[in-house]
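Asker: pasting the structure only:
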């Protein structure tokens, strides 16, 4: 779901991800000639009652899904009597759903059928591209490389693809399926997975902790400053009064916007939108740190402001009678108490950030969830 905005915002130069050149996508990007002509298949469990289906009619009553935003999900409508389950983000999710019995099958293209049958001996695929199968246009079973509109590299890529015959395309795809990494079935499964993916998981944990710690620390500073500013007493009259009112209004807008919208939306708008609208291209880690910090600052600003307001009013009056300025009052009397009172809420926000960083997969940040 991040491929098209990544391409149009110049974060990447091409998409080679089994993408079908649909008319909807062609309104946004261009496609090369097809690099693979596939077939539509249904992946099922060998032990369920649909394992021997031959045509679409045999799948009546089956719970079926497909990948989000793909031609395959629309093809479910052609299976009369099938139960159309919600679309899923990726093949990993669909494989787990099939193994657990949540679904009876999922529609995909041939490479996924070949891949799944290699990865899981309990799975098989049914070819539904022939008679009694799906009715589709030829282009709906093609896979092409996505490029930005009027990309000068398109002609050169097409020349290279012209040198690969259909037979060679099929051979290369089958070889890719055979070459996919396999987890050994010998010995302890946990040790086998850790040997193969342990370093990746550790890097994912490190990134998650970096984002949570830095985001909470910087967000705390932002919240502290906003809390101080929003508790400045209004001047009785003059320019200063209106200036403070205007600043308070701006800070209120910031708090409401960042507390009232999901972090996943903020990440997509900031990372892709800044590149498209202003041609500002930040790397994904820097963008993630900024997003988490600003989002956390909006929440902690209200927490700290609440801590400041909770201080007994008599202490404000005593400081005022001694001639203290607002910032002297904050530094010497109020903040030490307010910060102490806010520590449990700040700790909660840190825990929330550890979990919420998973949404940064929308901009391909390789934290723990994305790695997993």
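Answerer: Nice, thanks for sending it over. Being a predicted model, the structure only gives us computed values, none of them experimental.

Asker: which residue sits closest to residue 34 in space, ignoring its chain neighbours?
Answerer: residue 142 (3.8 Å; Cβ to Cβ, 6 or more residues apart in numbering). Placement of C-beta: from N, CA and C, glycine included.

Asker: residues contacting the one you found?
Answerer: Contact partners of residue 142, counting by Cβ atoms under 8 Å, 6 or more residues apart in numbering, are 20, 21, 34, 36, 37, 38.

Asker: could I get these as JSON lines with pLDDT and secondary structure?
Answerer: Below are the contacts of residue 142 laid out as JSON lines (pLDDT from 0 to 100; DSSP: H, G, I helix; E, B strand; the rest coil):
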{"residue": "20", "pLDDT": "88", "secondary structure": "coil"}
{"residue": "21", "pLDDT": "90", "secondary structure": "coil"}
{"residue": "34", "pLDDT": "91", "secondary structure": "coil"}
{"residue": "36", "pLDDT": "89", "secondary structure": "strand"}
{"residue": "37", "pLDDT": "86", "secondary structure": "strand"}
{"residue": "38", "pLDDT": "85", "secondary structure": "coil"}
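
Asker: about what we covered before: angles on the backbone of the residue nearest to residue 34, please.
Answerer: Per-residue torsions, residue 142: phi -100, psi 150 (degrees, to the nearest 10).

Asker: before we move on, the earlier item: which of the contacts of residue 142 are buried?
Answerer: For the contacts of residue 142, a burial check counting by 16 or more other Cβ atoms under 10 Å picks out 20, 21, 34, 36, 37, 38.

Asker: from memory the fourth one sits against residue 169, does it?
Answerer: If I follow you right, that is residue 36. Yes. Residue 36 is in contact with residue 169 according to Cβ atoms under 8 Å; the separation is 5.1 Å.

Asker: circling back: just put the contacts of residue 142 in JSON lines and tack on distance to residue 267.
Answerer: Formatted as JSON lines, the contacts of residue 142 follow (distance: Cβ to Cβ, whole Å):
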{"residue": "20", "distance to residue 267": "26"}
{"residue": "21", "distance to residue 267": "28"}
{"residue": "34", "distance to residue 267": "33"}
{"residue": "36", "distance to residue 267": "32"}
{"residue": "37", "distance to residue 267": "36"}
{"residue": "38", "distance to residue 267": "32"}
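
Asker: so how far is stretch 341-359 from its chain's centroid?
Answerer: 20 Å (Cα atoms, centre = their mean, to the nearest Å).

Asker: Equivalent analysis for stretch 177-191, please.
Answerer: On Cα atoms, centre = their mean, the centre of stretch 177-191 falls 27 Å from the chain's centre.

Asker: now the strands: where do they sit in the stretch 101-250 of the chain?
Answerer: Residue ranges of the strands in the stretch 101-250 of the chain, as given by DSSP state E, counting those that start in this stretch, are 105-109, 123-127, 142-147.

Asker: which ones are touching residue 47?
Answerer: Counted by Cβ under 8 Å, 6+ apart, residue 47 has contacts residue 122.

Asker: How about residue 67?
Answerer: 73, 87, 88, 89, 90, 91, 94, 106, 108.

Asker: what is the rounded mean pLDDT of the longest helix seen in the chain?
Answerer: When the chain is parsed with DSSP state H, its longest helix is helix 189-229. Helix 189-229 shows a mean pLDDT of 92.

Asker: Mind giving me the packing neighbours of that helix?
Answerer: Judged by 3 or more Cβ pairs under 8 Å, 6 or more residues apart in numbering; DSSP states H and E, the packing partners of helix 189-229 are helix 239-260, helix 284-309, helix 335-356, helix 368-371.

Asker: And the ones you listed: which comes nearest residue 124?
Answerer: Proximity to residue 124, assessed across these by Cβ to Cβ, is greatest for helix 368-371 (29.6 Å).

Asker: So what touches the closest one?
Answerer: Outside helix 368-371, the residues that touch it by Cβ under 8 Å, 6+ apart are 197, 200-201, 203-205, 207-208, 357-358, 360-361, 364.
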